[in-house]
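> what's the 3D shape of this:
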Amino acid sequence: MAKNVDVFGFDELEKAFKRCEKRYPNEADAFLMAQGQAVNKRVKALTPVKTKKLRNSWRLKKVKTYKSGKVRVVREQSTAPHAHLIELGHNVVSGGRTRERGRKLNSVQQIERGIKTGGYVDGEHMIEKSITEAQAKFESDAKKLLDSIITDVQL
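Below is the predicted model:
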């Protein structure tokens, strides 16, 4: 036969954990949005300005939950079709298209059509730099968030 053992204070501890569990999603979403807004501001500051279309195209998406509520993600994206070229770099091509029907033309075909490659432009890596800067601050801010949530647990 099993004996019933009463552990003093366990019920209060369980209630405190449930309060923390209810509070966590809202606090985590607000924290991620704040971090995302900081990254968004930094990305806009690092974006090179020619016509301001790229700088004004950066958007921060709402927090999304993946894998049955275990992973929360906030996304930074651009509506400009050339954003990836500025971020990662690209070849400078003049004289026509380097692709036909989804396939890349080889160098002989490009020469036949008068297409010239004029070099390579290095990427600005504005998102990469912004995220690297934000990661340094993220851990300390996450610890502060956790501490504020845990203050409810104190009995």
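> what residue ranges in the protein are flagged as low confidence?
For the chain, residues meeting the criterion pLDDT under 70 lie at 1-9, 152-155.
> which other helices and strands contact the longest helix anywhere in it?
The residue-count maximum for a helix in the chain (DSSP state H) belongs to helix 10-46. If contacts are counted by 3 or more Cβ pairs under 8 Å, 6 or more residues apart in numbering; DSSP states H and E, helix 10-46 sits against strand 58-60, strand 71-73, strand 76-78, helix 126-150. Every C-beta, even on glycine, is put in place using the N, C-alpha and C of the backbone.
> mean neighbour count and distance to residue 14 added to the ones you listed, as CSV?
Shown next, in CSV, are these (neighbours: other Cβ atoms under 10 Å; distance: least, Cβ to Cβ, whole Å):
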stretch, mean neighbour count, distance to residue 14
strand 58-60, 16, 37
strand 71-73, 12, 25
strand 76-78, 16, 39
helix 126-150, 14, 15
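> any idea which of the ones you listed gets closest to residue 49?
When the helices and strands packed on helix 10-46 are compared for distance to residue 49 using Cβ to Cβ, the nearest one is helix 126-150, at 11.6 Å.
> centre of the chain versus that closest one, how much separation?
Computed by Cα atoms, centre = their mean, to the nearest Å, the separation of helix 126-150 from the middle of its chain amounts to 12 Å.
> between it and helix 10-46, how many degrees?
Helix 126-150 and helix 10-46 are oriented at 160 degrees to each other (axes from the mean of the first three to the mean of the last three Cα atoms, to 10 degrees).
> counting contacts, what elements does helix 126-150 pack onto?
Checking 3+ Cβ pairs under 8 Å, 6+ apart, helix 126-150 ends up next to helix 10-46, helix 83-88.
> could you rerun that using 7 Å?
Applying 3 or more Cβ pairs under 7 Å, 6 or more residues apart in numbering; DSSP states H and E, one finds that helix 126-150 contacts helix 10-46.
> which residues sit against whichever helix or strand comes after the helix it packs on?
Sequence-wise, the next helix or strand downstream of helix 10-46 (DSSP states H and E) is helix 53-56. The contact list for helix 53-56, computed with Cβ atoms under 7 Å, 6 or more residues apart in numbering, reads 44, 47, 49, 78, 80, 83, 86.
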